[in-house]
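Novice: missing the sequence, but the structure's below:
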């Protein structure tokens, strides 16, 4: 694109050996996007296959020259570019979860098709590796050092544990079990979904008894004692299939939830068969809050973070920001919005230079359609840089993606059948 010159190439290689000869390519034609559209409009009456020839084959219908698309021919500089900042999502990893208000705890495990964190969210957890028999020694105190291993959060077996709901938003509380980390039987990938019998045992022996001990007498008739009973009540309509709907979540106050967590840990530590559930920790995940924090809600607040604290009062943000109690990750978005009707594209050569200068890894390049020079990049930052810069991941993409982005953020926008039949909606 940028390397093609319609006026020709100079054959000089250096100043020591000048060469005045030039080569003019005659088998290609450089066109901008607007020129291609105008050319197709002029020729459509004469040639019915002009659109296919121009936009699919990439050839000029008259001269049969190959078309080189240079989008920067139509480039215009906007008079003004508005820079907007927001917080799109948050993740909080903590051992002891303390909300500002009440929280709803599921009375039975949630049956889902895939794990709540089914793909890598660029959050890592340092796992303490157990000592070998040689390290422990005969008396168990031969060596005092411990090794840690950085593990992606998405590779730790976990399950939905509760929910925090307000009029504005719903956040999911997950429970992770680091002692259950293992690979799948026939694959080197991590197994993150916990078998139903295994997680039912945890609810029957740990969660439900802890809730019953802390629930007030007036609430006990509404708290069932076994998972089987709860799952039977949560069946859908006349369906005889247990667990066909999400189980009920019982509300628990902050003070009661603190005591429930302590009782849960006491029960796990007191029984040998519950040892695989030990060292569990919590992960709070909230998504889709961009418009609640964008530009401090049009200047009402000083920053997106102040808007976050004001709109989501069910969380103690000052407590969450304290790294002694856990690690808080905020997805900060910066968008560049030109005034007027423009379509912005990231040039990959400039974007790669920016990522490299920032200390990011190679990452993944996503081309816009079939354009080789434009697109987006997603890359993690090296962990050595991440600890000092407090940045773990960066993603650069065009906002035109929002026009076809499904609510579940899946990459599939339309099925092949609907696209072939031009089905609407």
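Specialist: In hand now; what should we look at? Just so it is clear, the model here is predicted, and its values are computed rather than measured. Numbering: from 1, shown residues only.
Novice: can you show me the strands along the stretch 51-200 of the chain?
Specialist: 66-69, 81-94, 103-106, 124-128, 148-152, 158-165, 170-176 (DSSP state E, counting those that start in this stretch).
Novice: for residue 266, find the nearest of the ones you listed.
Specialist: Shortest separation from residue 266 across the strands of the stretch 51-200 of the chain is recorded for strand 170-176, at 16.3 Å, computed as CB to CB. All C-beta spots, glycine's among them, are computed from the backbone N, C-alpha and C.
Novice: how far is the closest one from where the chain is centred?
Specialist: Per CA atoms, centre = their mean, to the nearest Å, the displacement of strand 170-176 from the mean C-alpha position of its chain is 15 Å.
Novice: residue ranges with poor pLDDT in this protein?
Specialist: Filtered on pLDDT under 70, the chain yields the residue ranges 1-9, 139-143, 224, 235-245, 406-413, 424-425.
Novice: what about the nearest residue to residue 173 once chain neighbours are set aside, neighbour count?
Specialist: The shortest distance from residue 173 to any residue that is not its chain neighbour, by CB to CB, 6 or more residues apart in numbering, is 4.0 Å, and that residue is residue 162. Applying other CB atoms under 10 Å, we find 22 other residues in the vicinity of residue 162.
Novice: please renumber the chain so that the first residue is 46 from this point on.
Specialist: Fine by me, first position is 46 from now on; the one you just mentioned is residue 207.
Novice: now the strands of the stretch 96-245 of the chain as TSV including distance to residue 73?
Specialist: Putting the strands of the stretch 96-245 of the chain into TSV (distance: least, CB to CB, whole Å) gives the following:
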stretch	distance to residue 73
strand 111-114	5
strand 126-139	34
strand 148-151	63
strand 169-173	48
strand 193-197	46
strand 203-210	55
strand 215-221	54
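Novice: thought residue 442 was touching residue 391?
Specialist: Yes. In this structure, residue 442 sits in contact with residue 391. The criterion is CB atoms under 8 Å, and the distance is 7.4 Å.
Novice: intersection of neighbour lists for the two?
Specialist: When contacts are counted by CB atoms under 8 Å, 6 or more residues apart in numbering, residue 442 and residue 391 are jointly contacted by residue 421.
Novice: and those two? Which one has more around it.
Specialist: With neighbours defined as other CB under 10 Å, residue 442 and residue 391 compare such that residue 391 has more, 19 against 14.
Novice: which ones are touching the more buried one?
Specialist: Neighbouring residues of residue 391 by CB under 8 Å, 6+ apart: 419, 420, 421, 422, 441, 442, 443.
Novice: to residue 336, which of the strands of the stretch 96-245 of the chain lies closest?
Specialist: Between residue 336 and the strands of the stretch 96-245 of the chain, the shortest separation by CB to CB is 7.7 Å, and it involves strand 126-139.
Novice: what distance do you get for the spatially most central residue of the chain to residue 368?
Specialist: The centroid of the chain falls nearest to residue 166 when counting by CA atoms, centre = their mean (5.0 Å). If you measure residue 166 against residue 368 using CB to CB, to the nearest Å, the figure is 19 Å.
Novice: over to residue 349?
Specialist: From residue 349 across to residue 368, the span is 20 Å (CB to CB).
Novice: again, but for residue 232
Specialist: Going from residue 232 to residue 368 by CB to CB gives 35 Å.
Novice: try residue 197
Specialist: Residue 197 sits 20 Å away from residue 368 when distances are taken as CB to CB.
Novice: compare neighbour counts for those two and give me the winner.
Specialist: residue 197 (15 against 8).
Novice: for that one, give its distance to residue 166.
Specialist: 8 Å.
Novice: ditto for residue 228
Specialist: In this structure, residue 228 and residue 166 are 20 Å apart, going by CB to CB.
Novice: so how many other residues sit close to the residue lying closest to residue 268 once chain neighbours are set aside?
Specialist: Residue nearest to residue 268 in three dimensions, not counting chain neighbours: residue 260, with 5.3 Å by CB to CB, 6+ apart. Neighbours of residue 260 under the rule other CB under 10 Å: 17.
Novice: and if you look at residue 99?
Specialist: Residue 99 is surrounded by 21 other residues when neighbours are defined as other CB under 10 Å.
Novice: please name the residues that touch it.
Specialist: Taking CB under 8 Å, 6+ apart as the contact definition, residue 99 lies against 81, 84, 85, 105, 106, 112.
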